[in-house]
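Asker: kindly generate the corresponding structure for this input.
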Amino acid sequence: MTHRTHLPTTESAVAAIRAVAAAYRRAMSVTHDIGADRTSRRSSAPLFCATDPDGSLPHEAFVDLGGSPAVSIRLFPEDDAAITVDGVEFHDVPRDCVPPFLTAVYSGLAFVTARRFPPGYRLCVPLPGDETFKELVPGVSLTPWLSGRVR
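Answerer: The predicted structure follows:
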């Protein structure tokens, strides 16, 4: 069993991402959306109502990391995230997995597999503990960063 840091809040996840960005010398920008009327998954929230029915204040953040590959992260209040790496979208990544995911991408562990029939590519991001996130690469051409990781 792997030891993974528990990130109970969106702000704790942003702090962990900031630490990974600093370790790999990546520029980082963050945009925060706070309140039920501002977060993307709460379109049914009443107008001018900032809290959920249970009284909690949902917090969502969008993080953009500089350099190659292009990486953006949307942290949701429901303890998950959507990560985009050079145009490849990973949905429903647990919030606790975001820092090891970024470390795998920046340390060179991420790789691309090719399939002949039907033709296509898949970006694979292995995490400690035999967990791997895999997503199809959209389109038929690869970015320079993705093509440098084909196995």
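Asker: CA atoms for contacts and neighbours, from now on please.
Answerer: Noted.
Asker: top helix in the chain by residue count?
Answerer: helix 10-23 (DSSP state H).
Asker: mind listing the strands for the protein?
Answerer: Listed in chain order, the strands of the chain (DSSP state E) span residues 28-34, 59-65, 71-75, 80-85, 88-94, 111-115, 120-127, 131-136.
Asker: average model confidence for the first one?
Answerer: What strand 28-34 shows for mean pLDDT is 85.
Asker: report the spatially closest residue to residue 85, excluding sequence-adjacent ones.
Answerer: residue 71 (4.7 Å; Cα to Cα, 6 or more residues apart in numbering).
Asker: follow-up on the earlier one: redo the strands of the chain as TSV? Include distance to residue 145 and mean neighbour count.
Answerer: Converted to TSV, these look like this (distance: least, Cα to Cα, whole Å; neighbours: other Cα atoms under 10 Å):
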stretch	distance to residue 145	mean neighbour count
strand 28-34	19	14
strand 59-65	15	20
strand 71-75	12	22
strand 80-85	10	20
strand 88-94	12	16
strand 111-115	10	16
strand 120-127	11	20
strand 131-136	15	14
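Asker: make TSV out of the ones you listed and add distance to residue 148.
Answerer: Shown next, in TSV, are those (distance: least, Cα to Cα, whole Å):
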stretch	distance to residue 148
strand 28-34	24
strand 59-65	20
strand 71-75	16
strand 80-85	14
strand 88-94	15
strand 111-115	9
strand 120-127	12
strand 131-136	16
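Asker: ok, residue 143 to residue 6 distance?
Answerer: Residue 143 sits 33 Å away from residue 6, going by Cα to Cα, to the nearest Å.
Asker: so where is this structure shaky, pLDDT-wise?
Answerer: Within the chain, the stretches with pLDDT under 70 are 1-3, 34-57.
Asker: so for it, the centremost residue is which one?
Answerer: For the chain, the residue nearest the mean C-alpha position is residue 83 (2.5 Å; Cα atoms, centre = their mean).
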